[in-house]
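1. Predicted model and sequence below, questions to follow.
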Amino acid sequence: MRPMIKQAVPNSIDDTLALLAQGDYVAGRSLATAVFLALRMGRPLFLEGEAGVGKTEIAKVLAQVLGRRLIRLQCYEGLDIASAVYEWNYQRQMIEIRLAEAEGAGSREKLEQDIFSERFLIRRPLLQALDSKAGEAPVLLIDELDRTDEPFEAYLLEVLSDFQVTIPEIGTIKATEPPIVVITSNRTREIHDAVKRRCLYHWVDYPSAAQEIEILARRAPGTAQRLSREVVAFVQKLRGLDLFKLPGVAETIDWSKALVTLDKLALDPDTINDTLGVLLKYQDDIARVRGSEAARLLEEVRAEVSAH
């Protein structure tokens, strides 16, 4: 495995745009500004927006282009300290206690100090990110924070404020070099203001048609030019409908790749109806679009593409 070559953080917004482009991420200037400021100021970046707009990808691309390790904490309901920060290796501790009892060695206080030393500590993502060596600070992705409970948000405050965690048996572990922190939320619930105040905030919206065409050029380069324009125009129109789950950028890319696999150079009604499951993930949405609605949207798309 080739070692990562660490790259310095960018010196300007234009440099940030170029850096993200190296990772095939098409960003608007406002997003690049937020990323630049977060990197230069050493502040966590809080990205909020609909699912599938590219929030998680930002952290992945930053890790890639800056030559840093990516540590991901995938949030879920019920996430606790043992899963997110640390826990003790109880099995090894019990073995150590049995051995000490069998040998009759040492005092109880010494044994307690020994079994609660760092060699029995299991580091979970947050502690891994803070406990890195100097010059090896990773990118820490706290993904879909809105899925967790409020008590976990409260625990995050110490991490985001001081880049440290407190372990009662050991003390406080503080980052030698703070990680680059990216937090994402799909806004299924509001995140507490105390967390947001410690971050730089940016709302990530769906890309414009021009941006999405550029994304396809980078992520699905085998797509014919006309097909690419029709795909983007069709997806943009779908996002204007009252659907339960609008298609994200990932779905646009997947649909393009699926159409290329089917050797399509342009959209047609039958192909759209047969491949809607790539774009839409709920049967009610598919049933609404399939048939006459898809045909109507395709007519509008063809007219717009031909006009340009």
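-> All right, it came through fine.

2. Okay, buried residues for the lengthiest helix in the chain please.
-> Longest among the helix segments of the chain by residue count, using DSSP state H, is helix 292-307. For helix 292-307, the neighbour count (16 or more other C-beta atoms under 10 Å) marks Ala294, Leu297, Leu298, Val301, Arg302, Val305 as buried. In this view, the C-beta of every residue, glycine as well, is placed from N, C-alpha and C.

3. now stretch 81-95
-> In stretch 81-95, counting by 16+ other C-beta under 10 Å, buried: Ile81, Ser83, Ala84, Val85, Tyr86, Glu87.

4. Show me this structure divided up by domain.
-> The chain breaks down into these domains under automatic domain parsing: 13-85+124-203, 86-115, 209-300.

5. Mean pLDDT lowest where, among these?
-> Out of these, domain 86-115 stands lowest, with a mean of 80 (criterion: mean pLDDT).

6. residue boundaries of the strands in the stretch 151-300 of the chain?
-> 164-167, 171-174, 180-185, 200-203 (DSSP state E, counting those that start in this stretch).

7. Adding distance to Arg29 and mean neighbour count, write those strands out as TSV.
-> Output for those, formatted as TSV (distance: least, C-beta to C-beta, whole Å; neighbours: other C-beta atoms under 10 Å):
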stretch	distance to Arg29	mean neighbour count
strand 164-167	34	16
strand 171-174	35	12
strand 180-185	19	25
strand 200-203	12	17
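
8. Pull the contacting residues for the residue nearest to the spatial centre of the chain.
-> Note on the chain: the residue nearest the mean C-alpha position is Thr56, at 1.9 Å, using C-alpha atoms, centre = their mean. Listed by C-beta atoms under 8 Å, 6 or more residues apart in numbering, the contact partners of Thr56 are Leu141, Asp143, Thr184.

9. Can you report how many residues neighbour the residue lying closest to Tyr282 once chain neighbours are set aside?
-> Spatially, and ignoring its direct neighbours in sequence, Tyr282 is nearest to Phe244 (4.9 Å; C-beta to C-beta, 6 or more residues apart in numbering). Phe244 has 11 neighbours, counted by other C-beta atoms under 10 Å.

10. for Phe244, what are its contacts?
-> Tyr282, Asp284, Asp285.

11. now those as a markdown table including distance to Val65?
-> Converted to a markdown table, the contacts of Phe244 look like this (distance: C-beta to C-beta, whole Å):
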| residue | distance to Val65 |
| --- | --- |
| Tyr282 | 35 |
| Asp284 | 40 |
| Asp285 | 35 |
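
12. Show me which of those residues are buried.
-> Among the contacts of Phe244, the ones that count as buried by 16+ other C-beta under 10 Å are Asp285.

13. if I pick Thr176, what's in contact with it?
-> By C-beta under 8 Å, 6+ apart, the residues touching Thr176 are Ser132, Lys133, Ala134, Ala137.

14. Buried members of those into PyMOL, please.
-> In PyMOL syntax, the buried subset of the contacts of Thr176 is picked out as below (16+ other C-beta under 10 Å):
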select buried, resi 132+137
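
15. Show only the entries of the contacts of Thr176 found in strands.
-> Judged by DSSP state E, those include no members of strands.

16. could I get the contacts of Thr176 as a markdown table with distance to Arg189?
-> Shown next, in a markdown table, are these (distance: C-beta to C-beta, whole Å):
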| residue | distance to Arg189 |
| --- | --- |
| Ser132 | 31 |
| Lys133 | 36 |
| Ala134 | 37 |
| Ala137 | 30 |
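
17. Show the model's pLDDT score for Met4.
-> 61.

18. can you pull out the strands in the stretch 1-150 of the chain?
-> Going by DSSP E, counting those that start in this stretch, the stretch 1-150 of the chain shows strands at 45-48, 70-74, 86-88, 121-123, 139-143.

19. Please list all residues in contact with Ala59.
-> Leu70, Arg72, Val139, Leu141, Asp143, Val182, Thr184.

20. And for the third one, the neighbour number?
-> This means Val139. 22.

21. Arg68 is in contact with that one, correct?
-> Yes: shown here, Val139 and Arg68 form a contact pair, counting by C-beta atoms under 8 Å, at 5.1 Å.

22. How about the contacts made by the nearest residue to Val195 once chain neighbours are set aside?
-> Counting by C-beta to C-beta, 6+ apart, Val195 lies nearest to Glu153, which is 5.4 Å off, once chain neighbours are set aside. Neighbour list for Glu153: Leu145, Ile191, His192, Ala194, Val195 [criterion: C-beta under 8 Å, 6+ apart].

23. Dump the buried residues of helix 292-307 to CSV, plus distance to Leu259.
-> Rendered in CSV, the data for the buried residues of helix 292-307 read as follows (distance: C-beta to C-beta, whole Å):
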residue, distance to Leu259
Ala294, 14
Leu297, 16
Leu298, 13
Val301, 14
Arg302, 15
Val305, 15
